[in-house]
Structure formats: structure tokens, C-alpha cells
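Undergrad: can you look at this prediction? I've put the sequence above it.
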Amino acid sequence: METMVKRRTPFIDGGHATFIWRGEHAPELIGDFTNWETQSRSIVLQQMEPGVWGTTLSLPRDAYIEYCFVLNGQQVADPLNPRVLKSGISSQNNYFWMPDGSDTSLMQTHEGRPRGRMSEHMVSGERLTSTPERQVCLYQPAVDELCPLVVVLDGHDYLYQAHLATMVDNLIAEQRIRPIALAFVSNGGSARTVEYACSDATLAFLLDRVLPLAQDQLHVLDIQASPGTYGILGASMGGLMGLYAGLRMPHIFGRVLCESGAFGGHQPAYRLYYRSVIEDLLALHPAPDLKLWMDVGRYEWFLEPNRQMYARLREQGYDVTYKEHNSGHNYPSWRNIVWEGLEHLFGRST
């Protein structure tokens, strides 16, 4: 037992992960595997010897997991696990990979490979966004040909947490996708939910402010001459907004990459604004010429709503590809599968 406690936790043995805590009192364990619930699903560690508490979970061998302990009502990091990252909400989480999982190598830079050009811009949000200006970072791939444009919602997070620009550099260099340009659009902070809840104001901001900037600064296809060639990408509320944009403007955003789309909530009011407009669009209009990719983690609260949305889209005749992965609702999970969506939507053969 003493040897186990001195090792970095959790202790991984095949498909099992053992969590250890040293202290006078046993903490609760929460994480992706409990949907981060602190009451009905939290796991209380059991005493293994005086002052040592533990529990063992069975997990898929390729899983990526984030977790923390709860002690005296407060979330605390695992002092025996140095792998810590910001949760994106208000705390820090520990994380680990099971033995057959790892971060994608596509997020690593490679000496000698062509790299795209980045530029940063402040765009007026007057009357359309919650802030007077909004940051937009543009990525021009290292090619001279005209490219499709992909608008990336929550752009700052996809740029710095998902390393999406580096990933696209590598996908292009390895000829796994055709060259694409990117517009990383930052979110509205505390107004993010309002701006991404199927908002026509946000859609107008993209059409009237972001697209003209990208068309002026980047070598992108003329959307009038090549309708439906642009894409839009987002996760969670950004995934919801991305699908809405594709349904509303398929002649522009003909490719949609939706990660862990926020298609449901725990309260009736959430279900209303999350789903009502998209449900109406699906019910009242024939399926447009739209190509969709959806992915979602098996350890997150939006799993069942995404399964339902996928079934609904299939029922309505949409061209939609869907994939589940053994992880939760976070950027490490999304960055390790987003490249598959890009290959599907912008592969050399598409």
C-alpha cells in the first residue's frame, strides 16, 4: 500500500483506475464518470488502512478522464496527481489517460513543415453582440489557392486549448484535408449562452462583420460562386449555434462540425431555448444540402440529447456522421476527435 501511495495517482492497472487519498477524513470523488454531480452520484472513498482512503473504477482502456475530490463541500485537487488543468468554469481538475489513450500528435509542431499565417483583429459588435468589439483571429494556410473558410466559435479556446491552427497545418501537410482558412471568433464571456442560443443576432454578426473581414484578409472561395462551401465549428453551446447556422444558412455554412452540442438541459426552460428553434427548422423544412459531423463523449450530460438529435437528423434525411468517444465535456476530449470531423468534411476526396 505504501508503494502505491507514493506513486502518481490514480494507479492504473489495465482497465482499472485506483484513486487514493491520505488524510483524517474520506473525501468524495467526482468527475466525468459522475457527470460532476456532488450528491446523487458522487463516490465516497473507503478506508484501506488508517489515514488512507481509496476506490477503484472500471474504465475503457482508451478513456480520457478529468476528476477532483470534494472535502467539506469544497472541490479540491488530488495532491498525488500533478496533472492539473483549468476546468473552464471556476476550478481546476486533475486528469489522466487510461493505458490505450493519448493526446493526438497532430497538435505538435514539426520543424520544416509549412505553417499558416495568423492575424488578430478587433471587429465591431455594435447592435449585434454583448460587447462593443470582438476579437477575431484569422488563419491563412500556407498555400496560394482559394480555400473554404471555417468559422470557429469559441475561437480563443479552440486556438489555445485545442491547438486547432497547428492541427490544420499538420492535416494539410499530410494531405489529409484540402487547405482551409479559419476565422477564430471569441465568445461573449458571461453572455456566451445568450449569444449561442440559436441567436439571429450572432448569425448576423458572422455574416455582416466576420465573413467580410475574412474575405478581405484571406484567400477564400467566393461564396456566391461556390455556395455551401464554408464550414462552421463549435462545441457545447457553440455546437448548438453551429448547427443552427447551418440550418438557417446552408448556402453559406454547408459544412457543420458539432462537438457535444448543447441539445438539452436539466430544466424545462433550458429545453425550450436549447431546442425549440432547431426542432421547428427540422420539422418545417426539407433537409438542405448540408453535410454534418457530430461527436460527443460517453461521460457527459449531453450524451443522450446528442443521440436523440442524431436520430432526428437521420430521420429527416440529413447527411450526418456521428461518433462517440470515451471522455467528457472538455477541450482535451474535443481536440482529440475534431481532426476526424475535419477529415470527414474537408478531406481530399470530399
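TA: Thanks, I have it.
Undergrad: who touches the closest residue to Trp97 other than its chain neighbours in this structure?
TA: Excluding its sequence neighbours, the residue lying closest to Trp97 (C-beta to C-beta, 6 or more residues apart in numbering) is Tyr64, at 5.5 Å. For every residue, glycine as well, the C-beta is placed using N, CA and C. For Tyr64, the contact set (C-beta atoms under 8 Å, 6 or more residues apart in numbering) comprises 95-98, 101, 326-328, 332-333, 336.
Undergrad: looking at the residues you listed, which is nearest Ala225?
TA: The closest of the contacts of Tyr64 to Ala225 turns out to be Asn336 (C-beta to C-beta; 35.5 Å).
Undergrad: that closest one is in contact with His325, isn't it?
TA: Yes - using C-beta atoms under 8 Å, Asn336 makes contact with His325 at a distance of 7.3 Å.
Undergrad: ok, now which ones touch the residue nearest to Glu133 when sequence neighbours are not counted?
TA: Closest residue to Glu133 apart from its sequence neighbours, by C-beta to C-beta, 6+ apart: Met122 at 4.5 Å. Contacts for Met122 were tallied using C-beta under 8 Å, 6+ apart; they are 133-136.
Undergrad: try it again at 10 Å.
TA: Contacts for Met122 (C-beta atoms under 10 Å, 6 or more residues apart in numbering) come out as 132-136, 186.
Undergrad: give the helix, strand or coil label for it.
TA: What DSSP: H, G, I helix; E, B strand; the rest coil gives for Met122 is strand.
Undergrad: most remote residue from the chain's center?
TA: Within the chain, Pro50 marks the point farthest from the mean C-alpha position, 41.7 Å out by C-alpha atoms, centre = their mean.
Undergrad: distance of that one relative to Glu24?
TA: As judged by C-beta to C-beta, to the nearest Å, Pro50 and Glu24 stand 10 Å apart.
Undergrad: repeat for Asn72
TA: 11 Å.
Undergrad: can you check Asp13 too?
TA: Counting by C-beta to C-beta, the gap from Asp13 to Glu24 is 27 Å.
Undergrad: and these two? Which one has more around it.
TA: Asp13 (10 against 7; other C-beta atoms under 10 Å).
Undergrad: residues in contact with the more buried one?
TA: Applying C-beta under 10 Å, 6+ apart to Asp13 gives the contacts 56, 99.
Undergrad: pLDDT value on the residue nearest to Trp97, please?
TA: Listed pLDDT for Tyr64 reads 98.
Undergrad: how about Ala191?
TA: 95.
Undergrad: skipping adjacent residues, who's closest to it in space?
TA: Ser130 (3.6 Å).
Undergrad: and for the one you found, the neighbour number?
TA: Neighbour number of Ser130 under other C-beta under 10 Å is 16.
Undergrad: okay, and it sits in which element?
TA: Ser130 belongs to no helix or strand when assigned by DSSP states H and E.
Undergrad: who's in contact with it?
TA: 187-192, 194-195, 201-202.
Undergrad: okay if I get those as a markdown table plus secondary structure and neighbour count?
TA: A markdown table is the format used below for the contacts of Ser130 (DSSP: H, G, I helix; E, B strand; the rest coil; neighbours: other C-beta atoms under 10 Å):
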| residue | secondary structure | neighbour count |
| --- | --- | --- |
| Asn187 | coil | 25 |
| Gly188 | coil | 18 |
| Gly189 | helix | 9 |
| Ser190 | helix | 8 |
| Ala191 | helix | 13 |
| Arg192 | helix | 18 |
| Val194 | helix | 14 |
| Glu195 | helix | 23 |
| Ala201 | helix | 13 |
| Thr202 | helix | 24 |
